[in-house]
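Asks: Here is my input, please return the structure:
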Amino acid sequence: MTIAVTTPTGNVGRHVVAMLIRAGVRPRVLARRPERMKPDIRAEVEVVAVDQHDVDAVVAATAGVTALFWVDPPPAGDDPLAEYARATDSVIRAVRENGIGRVVFQSSVGAEKRHGVGEIDGLARTEEALDATAASVTHLRCGMFFSNLELQVDAIGSGTIPVLLPVDHAIPWVAPRDVAEVATTRLLADAWTGRCVRAVHGPADLTWTQVAETVTAVTGHRLRAERISDDSMRELLSAAGMSEARIEALIGMSSGMRDGFTPEQARTVHTSTPTTLASWVGDVLAPLLDGHGPSDRRRP
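Replies: Residues are numbered from 1 along each chain as shown. The predicted model follows:
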């Protein structure tokens, strides 16, 4: 069995790689920047330097692969949906030309809507394209990643985080490591076939108010979430130099989940994972906040 992993230094991919190694598997990793991998990890994997938007390179890199963990790379340019489409072309060609039998795809809550959820529309297109292949596919419909808070360190340090959802609107929040655990389990199992959707919801649905209260309690950095209008967010993102297409793709991920949206997969014992926001904040976010504004945290 040959398992390939994309985004091996990403929030989820790096955990998948480590878990496979601990399971006794030597995975093939498709890395755009192999030098970012830790030397001890590189010694335990087969590294292929590849840009996931390069269709021919991805096809070549996945020859002989029996199971694939695919993550559409986070968009870096001015047209996110075009980047998702190029990544989708790559994985579909690879699956079809190499006869890859099983694919675990990192998708998102909201992809079930298919349209109107910003960047998540790109994940929906990948889901649909994979479903049209002969491969057995598991789509992981993940909640909001805790790690998204790492992108808001400056705002958190200032004491106010601007959000588009109502601050009392609860949504699933999940630790990337928990997503990796579900993905790795599916990659190692070889008895499942067909199309499967597995939600990964974390331990609880949380409102932005609860998130802010947790960050405050764990780090001592007083934080509140403030809802702003879509147009105000557009102004903030435009001032940061983002293109119109990228702005709309980001805003759509929140605006598309308002007005009564409910995830297709209900929260159950199968979708709930153990890592709490408080534990993640203490391990990951708190060290990043050092030096970002006043803190009431008491150090030993």
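
Asks: count of residues packed around the closest residue to residue 176 other than its chain neighbours?
Replies: Using CB to CB, 6 or more residues apart in numbering and skipping residues adjacent in sequence, the residue nearest residue 176 is residue 11, 4.0 Å away. Any C-beta I mention is one placed from the backbone N, CA and C, and that applies to glycine too. Close neighbours of residue 11, defined as other CB atoms under 10 Å, add up to 21.

Asks: what does residue 220 give?
Replies: Neighbour tally, residue 220, other CB under 10 Å: 16.

Asks: roughly how far apart are it and residue 226?
Replies: Computed as CB to CB, to the nearest Å, the residue 220 to residue 226 distance reads 20 Å.

Asks: picking up where we left off before, which residues are in contact with the residue nearest to residue 176?
Replies: 145, 147, 176 (CB atoms under 8 Å, 6 or more residues apart in numbering).

Asks: quick one: which of those residues sit in strands?
Replies: Residues of the contacts of residue 11 located in strands (DSSP state E): residue 145.

Asks: what would the contacts of residue 11 look like in CSV with neighbour count, pLDDT and distance to residue 110?
Replies: Output for the contacts of residue 11, formatted as CSV (neighbours: other CB atoms under 10 Å; pLDDT from 0 to 100; distance: CB to CB, whole Å):
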residue, neighbour count, pLDDT, distance to residue 110
145, 21, 98, 13
147, 17, 97, 17
176, 24, 98, 17
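
Asks: can you list contacts of stretch 281-291?
Replies: For stretch 281-291, contacts defined as CB under 8 Å, 6+ apart pick out 146-147, 149-150, 153, 156-157, 214-215, 218-219, 221, 295, 297.

Asks: rewinding a little: closest to residue 62 out of the contacts of residue 11?
Replies: residue 176 (23.2 Å; CB to CB).

Asks: Go ahead and confirm that closest one touches residue 146.
Replies: Yes. Counting by CB atoms under 8 Å, residue 176 sits close enough to residue 146 to count as a contact (7.0 Å).

Asks: Are there residues contacting both of the two? Which ones?
Replies: Contact with both residue 176 and residue 146 is made by no residue, according to CB under 8 Å, 6+ apart.

Asks: which of the contacts of stretch 281-291 count as buried?
Replies: Buried members of the contacts of stretch 281-291, scored by 16 or more other CB atoms under 10 Å, are 146-147, 149, 153, 156-157, 214-215, 218-219, 221, 295.
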